Structure formats: structure tokens, C-alpha cells
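In: after the sequence you'll find the predicted model.
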Amino acid sequence: MARRRRILIHVQHLLGSGHLRRIALIARALAAAGHGTHVISGGLPVPDLDLGDASFLQLPALRAADESFSGLIDANGRMLDDALRTERRAILLNELATFRPDALIVEMYPFGRRALAFELEPLIDAARATRPRPLMLCSVRDVVPRKSAPREAEILAVARDRFDRILVHGDSALLPFEVSFPPAAALGERLAYTGYVTPAPEPPGGPDAPGYGEVLVSAGGGAVGARLLRAARDARPLSIHGSGRPWRLIAGTALAEDSYRDLAASAGEGLVVERHRADFRALLANCHISVSQAGYNTVLEVLATGKQGVVVPYVGRGETEQSLRAERLALGGFVISLAEADLNPKTLAKAVDAAIEAPNPTGPRPRLDGIRGSLDLIEGCLENWTG
């Protein structure tokens, strides 16, 4: 067994909750392996978050003001100001000084989270000035937002100068990091793929199990899922193979209340509308097919079950993350991908029918061992780290 270490993790989600849920899986594994693991989250609280034996600190929360990421606001809708910047920064620096980690893991930065540089740069500076210095790790998903060439050069310089290892939670055989970050090769040995981070699927149940045989439609946290949910509500009667099955719409806790009420008013025989289900993964294991956006967590949970899925990648504000992931998975036959620009009840019904008819994929499956892969890489780096 690896020697017990102290590991501090900073994570921030701005719209959906996927970043925090992915980090929670890694933190839980680190704590289960005997490491003192402390997670500091800067986003809104997330229900049913399981951190195992890892400790947790909630910063005064920040989230994106809107889908265009025009600014950051607090939990009460007030714009981020200097007082809140100072408060969050002070909390982080105090936690670093008190916890004295052997490793500091920063999620996304410098590949994203530039708006949080006011707290992340001082945190990184303070950690690097500590003696012995903690191992500096960046945790990043398989795809990062594309930037201009000059901006990518700046990101590369920060990654090389400030971090000892970049942990990419993906599979290079499916989606090489250079697809979304072209200078990736210049990171050299700093760059390491962990595999995709997703838990083992729930065992499927029989006809009496919750969600059995359903078309399960989900929108993650729900902040940007209203259009997909409305299309799914109206697609059920148009689907040749799906109209005889129950459809369950999981709206998400962040879906606007008026949108949720509109959907809920349509519920009836064959159509269930719920805001949240703590047993979502059990529903996924028992459903016939899944319909979702192409966010990291949900897509990987679908792949882990071996189910066919329909994905409608979110492209707000020119986002390319979900489209890239959906394109690669569709090429491998793992999902049916429908462009958000083409989304309407008729096209979604056709996509559901295509998914029901689709053969099982025959190509190599992406690596889904990212929890174990992350643990092994972090422990391996610490084993050789002298500070």
C-alpha cells in the first residue's frame, strides 16, 4: 500500500455539476486508499454528493451569470465583487496553510477557469513557496475549450512552469488531448491519461425494477437543458419504436422553475417528469435507451452500462466540448448524435428509433478505468516526489 499522503483539491463548477461529481469520485478513491483528502468546492452545493471519507469545504458559492459566461454571480445573484474575491482567497490560503498538503490538485486551471485567477494564482504561488513543496497537479477532462493560438501559448507556459503533471481524464485512443489543445505535445511527460472517470454501473434489474424498459431523458443539472426536455416531451408520440414505452424526463435541479412547471403539466400516462432522482444510475441501468446532452459524466455512465444512447451536444456560446466528444463516440457506434441546431420533436423521435434499431458497437471501447487510473498516477507521482 502507498504511504498515506495529504491531498488538497480545488474544484469549481459554473453551470452543470459534472466537474464536482468527477472530482468526488477521485477524492473518494484517494480517501479509501488511506490518503487524507480534502476537497474545496467553489460552486453551488450539489445534492447527493458522495465523497466517502474525504473532507469537504464549501466556499461562498459562485456560478456563471448565464449560458454565455458573461460574468460570475454568487448564490443570491449578485455579481462577484472585490469583497467576495478577498473572502474566497483568504479561505483558500488558510486551508492550504492549515492542511499542509503533499499534493495540490487544481481542477481545469490553466486550461479553463481564467475568471478564478484572482484566487487560483495566489493559491498556486503559496503552495509553490511552501517547503517541502507539494506536488502540483492539474486535473482536466478529455476536452478543453478552444482558444486563440496566443492564448494557448500562454496556457502552455503556465502548465509547464507551474504544474508537475497534467492528468487528462480521458483516453487518447478515442479523443487525443491535442484535438482541443493543439500544443499538447509540448507538455511532454507532464501529460498523462487516466482513462475516463466513471463509477461501475449499477446492476440491471428485472421488469419490476425502477425505470425498466423506459426511454430515459436527462439534462444533467438542467441549467441548459430546457430545449432538449421540451423536444423529448413532444417526440414520444412521433417515435415508431418508442411511443409504446414509458418516457421519463429528469429535468435537473437548475432548470428554471417556469420551464419545469410547463413540463410537469404535460406528465401523464406514459410520460413521467421529475426534477431529480437520487437513484438516477439505477434508472440508467434499467432503461431501454438514454437521451441526454453529451456532458462528460452522463455519457460515460451510459457507456458503462453498455446501453445505446442518443446525445444532443450542447453548443451554447460556441462551445465545442460536447460536440467533439459526441462526434468521436458516434464514429465508434456508441451513440446516435443529433446536432442541437437540428433538434426538434420529429428529429429526436427519428434519433430514438435509430438508437433502438442500432447494432451493438464492435470497435474497442474507451477506457473507463479512470478512477483507478487517477489513483495510480497520483500515488505514483507522490512515491517519487521529493519536494
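Out: Perfect, thanks for sending it. Numbering: from 1, shown residues only.
In: what's stretch 221-235 in contact with?
Out: The list of residues contacting stretch 221-235 from outside it, by Cβ atoms under 8 Å, 6 or more residues apart in numbering, reads 15-18, 67, 215, 217-219, 242, 247, 249, 251-256, 259, 262-263, 266, 271, 273, 275, 291-293, 312, 314, 316, 340, 343-346, 348-349, 352. For every residue, glycine as well, the C-beta is placed using N, CA and C.
In: right, I mislabeled it, should have said stretch 191-198
Out: With contact meaning Cβ under 8 Å, 6+ apart, stretch 191-198 is reached by 22, 25-26, 142, 165-172, 177, 184, 296-297, 300-301, 303-304, 366-374, 377.
In: of those residues, buried ones?
Out: 22, 25-26, 142, 165-172, 177, 184, 296-297, 300-301, 303-304, 366-371, 373-374, 377 (16 or more other Cβ atoms under 10 Å).
In: give me the subset of these lying in helices.
Out: Under the assignment DSSP state H, the buried ones among the contacts of stretch 191-198 contribute 22, 25-26, 296-297, 300-301, 303-304, 370-371, 373-374, 377 to helices.
In: as TSV, those residues with distance to Arg85 and pLDDT would be great.
Out: What follows is those, written out as TSV (distance: Cβ to Cβ, whole Å; pLDDT from 0 to 100):
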residue	distance to Arg85	pLDDT
Arg22	26	95
Leu25	30	97
Ile26	27	98
Tyr296	28	92
Asn297	29	91
Leu300	34	94
Glu301	35	94
Leu303	39	93
Ala304	39	94
Gly370	33	98
Ile371	33	98
Gly373	35	98
Ser374	30	98
Leu377	33	97
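In: please identify which of those is nearest to Leu80.
Out: Relative to Leu80, the closest of those is Arg22; by Cβ to Cβ it sits at 24.1 Å.
In: still on that earlier bit, now, of the contacts of stretch 221-235, which are buried?
Out: 15-18, 215, 217-219, 242, 247, 249, 251-255, 259, 263, 271, 273, 275, 291-293, 312, 314, 340, 343, 345, 348-349, 352.
In: now, those residues that are in helices?
Out: Members of the buried ones among the contacts of stretch 221-235 lying in helices (criterion: DSSP H): Gly18, Ser259, Leu263, Pro345, Leu348, Ala349, Val352.
In: which of the contacts of stretch 221-235 fall within strands?
Out: Among the contacts of stretch 221-235, the members found in strands (DSSP state E) are Val215, Val217, Ser218, Trp247, Leu249, Leu271, Val273, Val291, Ser292.
In: the first one and Ala351, how far apart?
Out: In this view, Val215 and Ala351 are 11 Å apart by Cβ to Cβ, to the nearest Å.
In: do Glu257 as well
Out: Taking Cβ to Cβ, one finds Glu257 at 28 Å from Ala351.
In: the two - which one has more neighbours?
Out: Set Glu257 next to Ala351 and count neighbours by other Cβ atoms under 10 Å: Ala351 wins out with 24 against 8.
In: isn't that one up against Val310?
Out: Yes. Using Cβ atoms under 8 Å, Ala351 and Val310 qualify as a contacting pair, with a distance of 4.6 Å.
In: residues in contact with Arg282?
Out: In this structure residue 282 is Ala, not Arg. Glu202, Gly205, Ala209, Pro210, Gly211.
In: check which helix or strand it maps to.
Out: Ala282 belongs to helix 280-286 when assigned by DSSP states H and E.
In: quick check: buried residues in that helix?
Out: Phe280, Arg281, Ala282, Leu283, Leu284, Ala285, Asn286.
In: what mean pLDDT does the helix of greatest length in the chain get?
Out: Taking DSSP H as the criterion, the chain has its longest helix at helix 82-99. For helix 82-99, mean pLDDT is 97.
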